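Engineer: Model the following, please.
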Amino acid sequence: QVQLAESGGGLVHTGDSLRLSCVASGRAFSNYGMGWFRQPPGKEREPVAAISWSGNTKYSADSIEGRFTISRDNAKNTVYLQMNSLKPEDTAVYYCAAARGMYTLYEIEYDYWGQGTQVTVSS
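Structural biologist: Now for the predicted structure:
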């Protein structure tokens with residue numbers, strides 16, 4: 001079992017930056033690929049970014065247009081999402097997730113999920 005806890009969300013203005021964190025507890029964090037997903041109000045959950053267990057390979061969804069960066073610190077069992085140039089359309093609940101032995105933007109491949117953290121971007 002892996003437990004995930006996101007933090008760092010909040011209310012910001014257009015153009016601001018935020019850094020989300022996700023701390024993992026339980027089994028060996030470095031064995032898991034990690035991903036960030038988001039669910040805008042009234043919409044389906046969508047992928048944001050993913051990172052391999054080593055941190056050497058990263059994927060990003062086209063929708064973020066290079067504004068967000070995923071990273072991880074295996075010594076701290078933590079994955080981050082640095083979000084820059086935030087827009088109102090980035091408003092969503094952001095979730096981190098863990099996948100055994102793989103890293104992908106496909107939600108179905110993830111085994112464990114956090115509870116989510118709300119990000120609201122005002123215009």
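
Engineer: okay, CA-based contacts and neighbour counts for the rest of this
Structural biologist: Noted.

Engineer: Partner strands of the helix or strand of the chain with the lowest mean pLDDT and their direction?
Structural biologist: Counting by mean pLDDT, DSSP states H and E, the weakest-scoring helix or strand in the chain turns out to be strand 58-60, with a mean of 92. On the basis of DSSP bridges, the sheet neighbours of strand 58-60 come out as strand 46-51 (antiparallel).

Engineer: what's the closest non-adjacent residue to the residue nearest to the spatial centre of the chain?
Structural biologist: With distances taken as Cα atoms, centre = their mean, the residue of the chain nearest its centroid is Trp36 (2.3 Å). For Trp36, ignoring the flanking residues on the chain, the nearest one in space by Cα to Cα, 6 or more residues apart in numbering is Cys96 at 4.5 Å.

Engineer: tilt between whichever strand or helix holds that neighbour and strand 46-51?
Structural biologist: Here Cys96, judged by DSSP states H and E, is contained in strand 92-100. Between strand 92-100 and strand 46-51, the angle formed by their directions is 40 degrees, by axes from the mean of the first three to the mean of the last three Cα atoms, to 10 degrees.

Engineer: elements contacting strand 92-100?
Structural biologist: Helices and strands touching strand 92-100, by 3 or more Cα pairs under 8 Å, 6 or more residues apart in numbering; DSSP states H and E, are strand 2-7, strand 32-39, strand 112-113, strand 117-122.

Engineer: what's the most buried one of those strands?
Structural biologist: Per residue and on average, the most neighbours among the helices and strands packed on strand 92-100 fall to strand 32-39, with a mean of 25 (mean count of other Cα atoms under 10 Å).

Engineer: Need the contact partners of that strand.
Structural biologist: Residues outside strand 32-39 that contact it (Cα atoms under 8 Å, 6 or more residues apart in numbering) are 45-53, 79, 81, 92-105.
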